[in-house]
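A.B. asks: sequence? don't have it. structure:
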């Protein structure tokens, strides 16, 4: 788990203006955030968001950054029905509204071209855990990297698949493998169950290729995928995880 | 002065300000955050060790569990903004563990299975403020929450409460641990919102 030290003071809260918004699924929205002094970010990092009500009440949450470095800052947010911030971002916020951002945050769950000496990438996403992995796929294209990528993406149903248009025509060298755990369209040819050891054995790169894995999703997804990869022989240090509980929002 | 986010309103009940530090919200869940796969070290090979003092000291699981234990009910605060109130733990006080070694160091680097580390001042581990916890909620501490044993330093952000802890390196100087190297605060006081480097 050794890593490059990235220290130094983090800049403080900055005002962001909501730019174009895109509905990805009935519960998920991508918001572009215009931040005049955004210092830039790396693929896989997240950003803190702060909302202020007219009575001064504030709420803060962290969201994964959906855009590649060099692209305008964007977040993709899933609405949690008992949440406070995610319902606002997915239902209320519109172009021109203001909020605050602080970041970028995090330096471990990050991919940069050439930073990991070669092996192919295994990306595994559960639900909205796809967001930082989408930033990695976009950064790979943007940087002209040819590292082979397999993206295993677990969703409840086809309607819940985020970025389905974008991943419908993935860039060369990127394979997207779906599993739909709860319901499937008629004639569905893909996987139709939770990710398990058998599925990982079929999808994951052989360990001889020295693959690097990024796993993001809810805790039970990350626990089972990360444990499954270790069983397949992936060294623990080659399995980077990012987890979120179904809480807060 | 923060800009108002048009249409944003409080939906949660106000958190008790003397219990919940600024920027935090209360959850009843117990979210899991860690950087890699959950390690599973058998108790037969588990040890807790302290080095960097005059003599190194190490306990097997049986020796560790023979030490006096304490029940602790406390609030915990994660830097990702959830706080959980009245969590119940069982563990061995760091006062007990550190009294078994002679040292003059002012800092420790705690280390864990899986390569995780975090840095703390010794003063924050003494005086009934820190434990190596092996029980949670009346049962054993689950592996995903850091079992068989984790550090419990509830007055600091919870990343300082290293999961799967295996020991302490006593040190004369304060060196950043795992998350501290990635831009998180060297100390991590939730009441002063010391989330990131320089806060």
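C.D. replies: That came through, no problem. Quick caveat: nothing in here was measured; it's all calculated off a predicted structure.
A.B. asks: longest strand anywhere in chain A?
C.D. replies: Longest strand of chain A, by residue count under DSSP state E: strand A:14-25.
A.B. asks: against chain B, how distant is residue A:106?
C.D. replies: Using Cβ to the nearest Cβ, to the nearest Å, residue A:106 is found at 6 Å from chain B. C-beta coordinates here come from the backbone N, C-alpha and C atoms, glycine included.
A.B. asks: now do the closest residue to that residue other than its chain neighbours, the pLDDT please.
C.D. replies: The spatially closest residue to residue A:106, leaving aside those adjacent along the chain, is residue A:45, at 4.9 Å (Cβ to Cβ, 6 or more residues apart in numbering or on different chains). As predicted, residue A:45 sits at a pLDDT of 95.
A.B. asks: repeat for the one 5 residues further on
C.D. replies: Reported pLDDT at residue A:50 in the predicted model: 96.
A.B. asks: hang on, it in a helix?
C.D. replies: No - with DSSP: H, G, I helix; E, B strand; the rest coil as the criterion, residue A:50 is located in strand rather than a helix.
A.B. asks: contact partners for it?
C.D. replies: Residues near residue A:50 by Cβ atoms under 8 Å, 6 or more residues apart in numbering or on different chains: A:13, A:58-60, A:99-102, B:2.
A.B. asks: could you break chain A into its assigned domains?
C.D. replies: A:14-104, A:121-244 (automatic domain parsing).
A.B. asks: which residues in chain A form strands?
C.D. replies: A:14-25, A:28-34, A:46-52, A:58-64, A:74-78, A:98-105, A:121-126, A:149-155, A:174-180, A:212-218, A:239-244.
A.B. asks: ok so, going back, out of the contacts of residue A:50, who's the most crowded?
C.D. replies: When neighbours are counted by other Cβ atoms under 10 Å in any protein chain shown, residue A:99 leads the contacts of residue A:50 with 25 neighbours.
A.B. asks: isn't that residue right up against residue A:93?
C.D. replies: Yes - counting by Cβ atoms under 8 Å, a contact exists between residue A:99 and residue A:93, whose distance comes to 7.4 Å.
A.B. asks: overlap in contacts, those two.
C.D. replies: By Cβ under 8 Å, 6+ apart, residue A:99 and residue A:93 have these common neighbours: A:18, B:5.
A.B. asks: with adjacent residues omitted, what lies nearest to residue B:86?
C.D. replies: residue B:73 (5.8 Å).
A.B. asks: what about the one you found, how many neighbours?
C.D. replies: Neighbours around residue B:73, by other Cβ under 10 Å: 10.
A.B. asks: beta partners for it?
C.D. replies: Beta bridges link residue B:73 to residue B:88, judged by DSSP bridges.
A.B. asks: ok, now which ones touch it?
C.D. replies: By Cβ under 8 Å, 6+ apart, residue B:73 lies in contact with B:86-89.
A.B. asks: any idea how far it lies from residue B:97?
C.D. replies: 21 Å (Cβ to Cβ, to the nearest Å).
A.B. asks: quick one: the residue nearest to the spatial centre of chain B from chain A, how far?
C.D. replies: Residue closest to the mean C-alpha point of chain B, counted by Cα atoms, centre = their mean, is residue B:161 at 0.9 Å. Distance of residue B:161 to chain A, computed by Cβ to the nearest Cβ: 16 Å.
A.B. asks: do the same with residue B:28
C.D. replies: Residue B:28 sits 8 Å away from chain A, going by Cβ to the nearest Cβ.
A.B. asks: so how many other residues sit close to the closest residue to that residue other than its chain neighbours?
C.D. replies: For residue B:28, ignoring the flanking residues on the chain, the nearest one in space by Cβ to Cβ, 6+ apart is residue B:84 at 7.4 Å. Residues contacting residue B:84 under the criterion other Cβ under 10 Å number 19.
A.B. asks: lowest mean pLDDT among the helices and strands of chain B, which one is it?
C.D. replies: Counting by mean pLDDT, DSSP states H and E, chain B has its least confident helix or strand at strand B:25-26, which shows a mean of 90.
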